[in-house]
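[1] here you go, sequence then predicted model.
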Amino acid sequence: MLSRLLLLVLIVPFLEIYVLIQIGRRIGAIETILLIILMGMLGAALVRRAGAHAVGRIQSELTAGRLPADDIIDALLIFVAGILFIIPGILSDVVGFLMLLPPMRAMIRARLRRRFEGHIVVVRPGGSEHRDDFIDIEPTSAQDIYGPERRLE
């Protein structure tokens with residue numbers, strides 16, 4: 001996992017620079033800069049709209065008494081798309097735009113479910129294990145985690 005992350009951190013900036021140089025050669029430097037700014041502005045507007053829609057769906061699911069698992073994952077993916085629009089570059093913007101498409105989010109969501117399936121166990125009150133919509137979390141103080149000598153500020 002760490003090697004993949006390191007590879008990503010090293011290769012993606014070089015790819016972004018290469019693509020920007022190639023586009024700059026074809027359409028010009030000023031036009032390339034304007035393209036990046038335009039894509040960022042369009043992406044920000046789309047993220048704002050998709051995010052508001054996702055939050056509305058989460059609220060309506062919670063109001064109906066249902067766990068909005070898919071909508072929460074969608075909101076997280078929309079947030080990641082927003083981060084990609086902040087990164088200057090064409091490739092990150094294209095990936096951000098793709099993540100805003102509902103079919104692409106559904107595909108990523110299905111892949112995430114397969115990846116984490118079996119890693120999360122849900123325990124219902126009464127001790128029986130089910131894969132359902134209730135997760136019980138025990139609160140823990142910071143001193144239980146860090147020890148009594150370390151204070152959080």
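    Perfect, I can see it now. Numbering: from 1, shown residues only.

[2] my guess is Pro88 is in a strand, correct?
    No: assignment of Pro88 by DSSP: H, G, I helix; E, B strand; the rest coil gives coil, placing it outside any strand.

[3] for it, give me the pLDDT.
    Model confidence at Pro88, given as pLDDT, is 83.

[4] with the one 3 residues further on instead?
    Model confidence at Leu91, given as pLDDT, is 92.

[5] what's around it, how many residues?
    Per other CB atoms under 10 Å, the neighbour tally for Leu91 reads 16. (Glycine included, C-beta is placed from N, CA and C.)

[6] among the helices and strands of this protein, which has the poorest mean pLDDT?
    Sorting the helices and strands of the chain by mean pLDDT, DSSP states H and E puts strand 129-130 at the bottom, at a mean of 52.

[7] now do the longest helix seen in the chain: which elements does it pack against?
    Longest helix of the chain, by residue count under DSSP state H: helix 29-63. In terms of contacts (3 or more CB pairs under 8 Å, 6 or more residues apart in numbering; DSSP states H and E), helix 29-63 is packed against helix 2-27, helix 69-86, helix 90-100.
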